[in-house]
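[1] structure, please.
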Amino acid sequence: MKKKKKFKSKRKKQIFTSIAIIIAALGLTYAPVPGLQQTVVIVSGTELQEPLQQLEAKFEEENPNIKLDLKFQGSQEMVNNYVDQKNDYKPSVLIPANGEILTELRDRLRTTNNTDPFYNTPKPIAKTLLVAIAWPQRGKVLFPDGRFQWDKVEQAMQAGNWGKVGGVNDWGSFDFVTTDPTRSNSGQVTLNLWTQAKLGGNINLNSFNNSSVQSLFGLVKKSVYQPPRSTDILLQEFISRGVNDADVATVYESIALYRWQQSTANQGRPYQIYYLNPTSESIATAAILRRDVDNSTAKAARKFLDFLTQPAQQAVLVQYGFRPVNNAVDLKTVPNSPWNQNIPGAEVKPTVQTIPPPNSQAIREIQRLWERAN
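    Predicted coordinates:
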């Protein structure tokens, strides 16, 4: 009898031990293995900050051996900092607002190194358009037909005061806002589109030597004293400053849609969106960097970029006002899509011409002219 009890007790211990081994094995399978976890440093434009922070937790939950370290800078700023090695960390991936900025980066790095600075062809993540925004009363004065016009903005900047362009004297000075083109893509696109409108057609590199264009850059630079370094920072300042300090601005459609509710809460009456014609489409594009990035980190980075372009994550980007790069995602059917919220001026398919953003050579000319303008 005693032998039987001992046998049963021993048998129970064996079963418990087996179960413990199985649980431990499962834990090793699904928990990060010390020494094997990859850290991927992502540097993105600030326009993607909130959606990437939301998606970070989901990706890390699905991929426990990969940790994301998100950083945010202006699109041009991130390239300059990377080239000049000014960061106190080593980026694995850059995601500027415009793929042309990566072309500029490649050109700059190839002057000192003949190898391609990227592991793979840069990957599109999300799309958006450059739009203008204005507070409703002031927009009606400046654009009575509801269509944005660069020459109207220029005339108001030259006049300096709303009373001189049909507005109310009590509105005070006319204030236009855009981002710093030496640090941000939206400022570069703004000046490129404005130059084209100024010259009445297609432009080339010589266009930036035109005296009227040089005068325009000087006027804009004077108007936007201390321009913000990134587009999302600009819009948050535009909303908080309100009608007394900011009248018209150029921003991405994505953040104009996403922060529209915020403008309602802060200012009582939300801003109006105006589609530029022509406008430029900016495609946030990701590149996996070679410098200081080993093959295993590059593989982990590739997994994250593939994750971002899947329908579920593209739908999250739509909720933040971006247009998807995955054609399986529809703007109107995504839950909480801003295109279903009756935002003044917002259109699913705006009837405007879309032209490419400035190429790397034009970006350099825009920066050169801006720095020399006074």
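[2] okay, CA-based contacts and neighbour counts for the rest of this
    OK.
[3] contacting residues for Leu105?
    79, 83 (CA atoms under 8 Å, 6 or more residues apart in numbering).
[4] helix, strand or coil for it?
    State at Leu105, reduced to three classes by DSSP: H, G, I helix; E, B strand; the rest coil: helix.
[5] that one and Gln76, how far apart?
    Counting by CA to CA, to the nearest Å, the gap from Leu105 to Gln76 is 9 Å.
[6] ok, Arg269 next?
    Arg269 is 33 Å from Gln76, by CA to CA.
[7] which of these two has more neighbours?
    Between Arg269 and Gln76, counted using other CA atoms under 10 Å, Gln76 has the larger neighbour count: 28 against 14.
[8] where does the more buried one land in three-state SS?
    Applying three-state DSSP: Gln76 is helix.
[9] shouldn't it be in contact with Ser184?
    Yes - between Gln76 and Ser184 there is a contact at 5.0 Å, judged by CA atoms under 8 Å.
[10] helix or strand: which one has the nearest residue to Leu55 once chain neighbours are set aside?
    Closest residue to Leu55 in three dimensions, ignoring its sequence neighbours and counting by CA to CA, 6 or more residues apart in numbering: Gln313, at 7.3 Å. Here Gln313, judged by DSSP states H and E, is contained in helix 311-319.
[11] so which residues make contact with that helix?
    Contacts to helix 311-319, defined as CA under 8 Å, 6+ apart, come from residues 51, 55, 126, 258, 307-308, 323-326, 328-329, 331, 334-338.
[12] compute the first-to-last residue distance for stretch 142-151.
    OK, stretch 142-151 end separation, CA to CA: 10 Å.
[13] center of the protein - which residue?
    Geometric centre of the chain, nearest residue: Glu47, 3.3 Å, by CA atoms, centre = their mean.
[14] what residues does that one make contact with?
    By CA under 8 Å, 6+ apart, the contact list for Glu47 reads 97, 230-232, 254-255.
[15] make it 10 Å
    72-75, 96-97, 230-233, 251-252, 254-255, 284, 320, 322 (CA atoms under 10 Å, 6 or more residues apart in numbering).
[16] ok so, going back, filter the contacts of helix 311-319 down to just the ones in helices.
    51, 55, 258, 307-308 (DSSP state H).
[17] what about the stretch 251-374 of the chain, any weak spots by pLDDT?
    Within the stretch 251-374 of the chain, the ranges that satisfy pLDDT under 70 run 267.
[18] returning to that earlier point: any chance of a PyMOL selection covering the buried ones in the contacts of Glu47?
    The following PyMOL line selects those of the contacts of Glu47 that are buried, judged by 16 or more other CA atoms under 10 Å:
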select buried, resi 72+73+74+75+96+97+230+231+232+251+252+254+255+284+320+322
